[in-house]
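Novice: got a predicted structure here, sequence first:
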Amino acid sequence: MKALSPEKIEKELTALDGWKLEDDKLKKQFTFPDFKQALAFMLQVGFEAEAQVHHPEWFNVYNRVEIALSTHDAGGKVTEKDIKLAKTIEVIANA
């Protein structure tokens, strides 16, 4: 898996509302009305991530979910797999 160039990542980020590149990872924080909705979101993302065979690094406290995406096979850099999963996560978050 090949890491994306910084220019390609910046271009892709224009279509990913609220996502940013930080520490060679795509990152975003999601906030929900309560823990139950945050957990439901994580469950949906988990099933999609498993289907894509690409798993996020994430952190949850109550109604907040922080997600970081990078590809281990590319040395922890951002690849097309990360962009694809970020787009999928956006669809779930906006459903």
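Specialist: Perfect, thanks for sending it.

Novice: now the residue nearest to the spatial centre of the chain: which helix or strand?
Specialist: Per C-alpha atoms, centre = their mean, the C-alpha nearest to the average position across the chain is that of Ala86, at 4.1 Å. Using DSSP states H and E, Ala86 sits within helix 80-93.

Novice: with just CA atoms, put that helix into CSV.
Specialist: Extracted as CSV, the C-alpha positions of helix 80-93 are listed here (Å, rounded to 0.1, in the frame of the first residue of the first chain):
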residue,chain,number,x,y,z
GLU,A,80,-6.4,5.5,-0.2
LYS,A,81,-7.7,3.1,2.4
ASP,A,82,-7.9,5.9,5.0
ILE,A,83,-9.6,8.2,2.6
LYS,A,84,-12.2,5.5,1.7
LEU,A,85,-12.9,4.8,5.4
ALA,A,86,-13.1,8.5,6.3
LYS,A,87,-15.7,8.9,3.6
THR,A,88,-17.7,5.9,4.9
ILE,A,89,-17.5,7.3,8.4
GLU,A,90,-18.9,10.6,7.1
VAL,A,91,-21.9,8.8,5.5
ILE,A,92,-22.6,7.1,8.8
ALA,A,93,-22.3,10.3,10.9
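
Novice: elements contacting it?
Specialist: Secondary-structure packing of helix 80-93 (3 or more C-beta pairs under 8 Å, 6 or more residues apart in numbering; DSSP states H and E): strand 25-31, helix 35-52, strand 64-69. In short, each C-beta sits where N, CA and C put it, glycine included.

Novice: and the last one, what's its mean pLDDT?
Specialist: Strand 64-69 shows a mean pLDDT of 98.

Novice: on that earlier part again, right, so the helices and strands packed on helix 80-93: which one is the most enclosed?
Specialist: A comparison of the helices and strands packed on helix 80-93 by mean neighbour count, using mean count of other C-beta atoms under 10 Å, puts strand 64-69 on top with a mean of 19.
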